[in-house]
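Build me a structure from this.
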Amino acid sequence: MAASTNPENNNVELKPPPGLKSLIDHLVSVYPDQPNPLQVTTLLKYWLGGSDPLDYISMYSNNGQGEGDSERIPPHWHYVSFGLSDLHGDQRVHLKEEHSTRSGMGFELTFRLAKTEVELRQQRESPDKPIRPPTWPANLLQSIARYCFQTGNGLCFGDNIPWRKCLDGSANSRMQSLLVAQDPQLGSIDTPLGTVDFCQIVGVTEEELEQASRWNGRGVLNFLAKDVLTGGDWLVTNMQRTMSVFELFPETLLNLQDDLEKQGSDLAGVNAEFTFRELKQTKTVKEEIDYQSLNERCASEENNRQMTESQVKREEPSFPQSMSLSSNSLHKSCPLDYQPQAPDCISLDGIEITLAPYAAKYLLLAIKDRIRHGRHFTFKAQHLALTLVAETVTGAAVTVSEPFGVLGYWIQVLIPNDLVSRMMEAFRNAQLDGKTEPTQRLEFDWPDKNFKLIVDQPPICVLPTAMSIEAATVN
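The predicted structure follows:
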């Protein structure tokens, strides 16, 4: 991208703002032969009322590395976004956060698309004739960025995104979901406005997504990088790939299953609707608390907070369900970035939880591959979060003697060691194998623990009509 000049004074050169300049300089160092790449540009900028948060998406031609049997990186198109990090530094888009070392949201998106045989032949036959790259990946990145802006959620290396449809809009590609990797060529950089990670979006099959969800997103990415057929060292997405890495190399699935049994899963949670109510054992007078009252309080406080310009623009995002959380840090399971000041934990006598059927397939994983290994698992709803924790998790608000608690808008349930095997057996008997969604209501009851779990569609919570509620549903 060339710097523009002021038409009224051609002697004065307008320099790009500091965040934008840092990204441009970094990309020029990587692609010195392409200082002015083709770009998809947003006509109406986000801060002027537009709906697309990415100002630009640059598209580079990458020749890959190696040929024939020695090929490790196939020739491809490299797409890079501009806008999730702070480009301008004047708070027109990203508000400055105290004590934050990130630039804006702290990352930009990239995508690598393998060139087709037709494009490679055209490139060989007419090397001086430029070839226009497909633009659908730019729309894909814009959709992901829109979700990040509307919800305030960032992406982490190892995350997965169940897109559930062909990435390019066709009807015949098996690449229908996404994993998030660190761009192996761009890495991370420091800018005058903070650090920026380059998160590479990688197209995967449904089977690869399923195993990443159950086990470890980074582990599946490592499998994909081992062979050029599945992306090679730089994880290039090939929309013509017809077999998953586990079909091409069956031994990888055996290795994955062995590691899952020994080490557990890195999946720390999913977005899912739920409700809860207290199961009382005593008649002592204390604050009445359940899903309805807590959700209304949360919505009211959200509505009454001072609205910033960026928050006003939020709306319900058009984004697939069941995006996962890959962080093992308990505090990142907190449902909101504005918990009440120093909330006290309210202990419950017992609890009944109703969980949406589409999230039931994660119950066995949560207990077998997370709680059994001393970890935690979170179901995030619109305003609230429900976290199951093992006895050994540090920093939890619940204990073995008081296993059910509400901390602000965060419900925590401690699963004692002697309940783990019983829950695993119950979920297996109900055929919650992680592959199918139950079609009938299921009830699991452990009366000695005063704990009941129902798999059914949670009742719709009707909030006061005077409130303006911003929905943000991700899986």
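
Low-confidence ranges, the stretch 301-450 of the chain, go.
Judged against pLDDT under 70, the low-scoring parts of the stretch 301-450 of the chain cover residues 301-343, 434.

mind redoing it with 80?
Within the stretch 301-450 of the chain, the ranges that satisfy pLDDT under 80 run 301-344, 382, 433-436.

Over to the stretch 1-150 of the chain?
In the stretch 1-150 of the chain (pLDDT under 80), the answer is 1-14, 67-71.

which other helices and strands contact the helix or strand where D418 lies?
Secondary structure from DSSP states H and E places D418 in helix 417-429. Applying 3 or more Cβ pairs under 8 Å, 6 or more residues apart in numbering; DSSP states H and E, one finds that helix 417-429 contacts helix 363-364, strand 442-446. From N, CA and C alone the C-beta is placed, and that goes for glycine too.

mind listing what's buried in the last one?
Right, strand 442-446. Buried positions in strand 442-446, judged by neighbour count with 16 or more other Cβ atoms under 10 Å: 442, 444.

who does the next helix or strand after it pair up with?
Next along the chain after strand 442-446, taking DSSP H and E as the criterion, comes strand 451-455. The partner list of strand 451-455 in its sheet, established with DSSP bridges, is strand 351-355 (parallel), strand 442-446 (antiparallel).

and strand 451-455 with helix 417-429, angle?
20 degrees (axes from the mean of the first three to the mean of the last three Cα atoms, to 10 degrees).

With adjacent residues omitted, what lies nearest to N63?
P75 (5.3 Å; Cβ to Cβ, 6 or more residues apart in numbering).

Would you tell me which of the strands paired with strand 451-455 gets closest to L44?
Of all those, it is strand 351-355 that lies closest to L44, at 41.0 Å by Cβ to Cβ.

sorry, back to before: in a markdown table: the strands paired with strand 451-455, plus distance to Q182.
As requested, those are exported to a markdown table (distance: least, Cβ to Cβ, whole Å):
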| stretch | distance to Q182 |
| --- | --- |
| strand 351-355 | 33 |
| strand 442-446 | 39 |
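
Reformat the helices and strands packed on helix 417-429 as TSV; add distance to G269.
As requested, the helices and strands packed on helix 417-429 are exported to TSV (distance: least, Cβ to Cβ, whole Å):
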stretch	distance to G269
helix 363-364	12
strand 442-446	20
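
what residue ranges in the stretch 151-300 of the chain are flagged as low confidence?
For the stretch 151-300 of the chain (pLDDT under 80), the answer is 214, 260, 263, 281-300.

how about the strands of it, start to end?
For the stretch 151-300 of the chain, applying DSSP state E, counting those that start in this stretch gives strands covering 160-161, 177-182, 188-191, 194-204, 269-271, 274-278.

can you pull the buried residues of the helix holding D418?
419-420, 423-424, 426-427.

got it, and stretch 37-53?
With the criterion 16+ other Cβ under 10 Å, stretch 37-53 contains buried residues 37-38, 40, 42, 45-47, 52-53.

measure it end to end?
Counting by Cα to Cα, to the nearest Å, you get 20 Å between the two ends of stretch 37-53.

Which helix runs longest in this structure?
Counting residues, the longest helix in the chain under DSSP state H turns out to be helix 136-151.

and that one, what other elements does it pack with?
strand 56-62, strand 76-82, strand 102-114, strand 194-204.

Neighbours of the residue nearest to N63, how many?
18 (other Cβ atoms under 10 Å).

that older thread, and of the strands paired with strand 451-455, who's closest to P18?
strand 351-355 (46.6 Å).

Name the residues that touch the closest one?
Residues outside strand 351-355 that contact it (Cβ atoms under 8 Å, 6 or more residues apart in numbering): 272-279, 363, 379, 386, 404, 411, 413, 450-456, 458-459.

and with 7 Å instead?
Here strand 351-355 makes contact (Cβ atoms under 7 Å, 6 or more residues apart in numbering) with 272, 274-279, 379, 386, 404, 413, 451-456, 458.

re the thing from before, between the strands of the stretch 151-300 of the chain, which gets nearest to E67?
Nearest to E67, of all those, is strand 194-204, at 23.1 Å by Cβ to Cβ.

Now that closest one: buried residues?
For strand 194-204, by 16+ other Cβ under 10 Å, it's 194, 196-204.

Could you export those as TSV, including distance to D183?
As requested, the buried residues of strand 194-204 are exported to TSV (distance: Cβ to Cβ, whole Å):
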residue	distance to D183
G194	18
V196	11
D197	8
F198	4
C199	7
Q200	4
I201	10
V202	10
G203	15
V204	16
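
Please tell me how far N255 sits from A145.
35 Å (Cβ to Cβ, to the nearest Å).

more crowded one of those two?
A145 (23 against 12).

so the more buried one touches L54, yeah?
Yes. A145 lies in contact with L54 (Cβ atoms under 7 Å); the separation is 5.0 Å.

shared neighbours of the two, anything?
Joint contacts of A145 and L54 (Cβ under 7 Å, 6+ apart) are 81, 83.

Do you have the helices of this structure handy? List them.
Ranges of helices within the chain are 18-30, 117-125, 136-151, 206-214, 217-225, 245-248, 251-263, 291-304, 309-312, 363-364, 417-429, based on DSSP H.

got CSV for those, with distance to E352 too?
Shown next, in CSV, are those (distance: least, Cβ to Cβ, whole Å):
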stretch, distance to E352
helix 18-30, 49
helix 117-125, 57
helix 136-151, 29
helix 206-214, 27
helix 217-225, 33
helix 245-248, 39
helix 251-263, 30
helix 291-304, 10
helix 309-312, 34
helix 363-364, 15
helix 417-429, 15
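
closest one to V80 among these?
If you check each of those against V80 by Cβ to Cβ, helix 18-30 wins as the nearest, at 6.4 Å.

Please work out which residues outside that closest one touch it.
Under Cβ under 7 Å, 6+ apart, the answer for helix 18-30 is 1, 15-16, 35, 58, 80, 82, 85-89, 103, 185-186, 189, 191-193.

one step back: what comes up buried for the longest helix of the chain?
137-151.

so how far is that helix from its chain's centroid?
In terms of Cα atoms, centre = their mean, to the nearest Å, the centre of helix 136-151 is set 12 Å apart from its chain centre.

Just give the number of residues close to E67.
Residues near E67, counting by other Cβ under 10 Å: 8.

Please apply the same query to the one 3 residues further on.
When neighbours are defined as other Cβ under 10 Å, S70 has 8 of them.

Could you do R164 as well?
13.

Ramachandran angles for it?
phi 60, psi 20 (degrees, to the nearest 10).

Report the beta-bridge partners for Q39.
The residues that Q39 bridges to, once DSSP bridges is applied, are S58.

Surely it is in contact with D55?
No. The pair Q39 / D55 is not scored as a contact, 9.5 Å apart, by Cβ under 7 Å.
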